[in-house]
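Enquirer: Build the 3D model from these lines:
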Amino acid sequence: MARVRISDEIGRAAVTVVQTVTADGAEAAASVDRSTLALAVRYTLQLLAEQAPGGTVEVRVPPFGAVQCIEGPKHTRGTPPNVVETDASTWLALATGALSWTDARATGRVHASGQRAELADVLPIVG
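Expert: Have a look, this model is predicted:
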């Protein structure tokens, strides 16, 4: 079943709330109510899938969502060969440009497996 697209107005509002609340460097998961955090994560994952369509890399932000993105060989069954997984706070920092892909990888805040599990060219998603 296809999901209903989160509107830009609603999605950007949730991202703005997260950015405002976490401006002092606090972790989003501890500072923002769960429904707003979930909406911001799902919206930015939606944008990632729209801006970098494909099925080569699966990006997971448990427990809020996952999308497949990046052009190339499509994955259809079992565990994907290219997986990026992180927590909500790290994902939103990456999506908004508050954290670089290189820094997230260097500090272990992102787990990326597979030869094509690289998001540096598609991040940040929102300005």
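
Enquirer: for the record, mean pLDDT for the longest helix seen in the chain?
Expert: Of all the elements of type helix in the chain, the one with the most residues (DSSP state H) is helix 34-51. For helix 34-51, mean pLDDT rounds to 97.

Enquirer: what about the helices in the protein?
Expert: All helices of the chain, identified by DSSP H, fall at 8-21, 28-31, 34-51, 88-96, 101-106.

Enquirer: can I get those helices in TSV with mean neighbour count and distance to Q68?
Expert: All C-beta spots, glycine's among them, are computed from the backbone N, C-alpha and C. Below are these laid out as TSV (neighbours: other CB atoms under 10 Å; distance: least, CB to CB, whole Å):
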stretch	mean neighbour count	distance to Q68
helix 8-21	16	19
helix 28-31	16	24
helix 34-51	20	7
helix 88-96	25	15
helix 101-106	14	18
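
Enquirer: Looking at these, which is nearest to V122?
Expert: Proximity to V122, assessed across the helices of the chain by CB to CB, is greatest for helix 34-51 (6.4 Å).

Enquirer: And the contacts of the closest one?
Expert: For helix 34-51, the surrounding residues in contact (CB atoms under 8 Å, 6 or more residues apart in numbering) are 5-6, 10-12, 14-15, 17-18, 28-29, 32, 59, 61, 64-69, 88, 91-92, 95-96, 122, 125-126.

Enquirer: now do 6 Å
Expert: Outside helix 34-51, the residues that touch it by CB atoms under 6 Å, 6 or more residues apart in numbering are 6, 11, 14-15, 17-18, 28, 61, 64-65, 67, 69, 88, 92, 95, 125.

Enquirer: Looking at those, which is nearest A117?
Expert: C69 (10.9 Å).

Enquirer: quick revisit: so which one among the contacts of helix 34-51 has the lowest pLDDT?
Expert: In terms of pLDDT, A28 ranks lowest among the contacts of helix 34-51, with 68.
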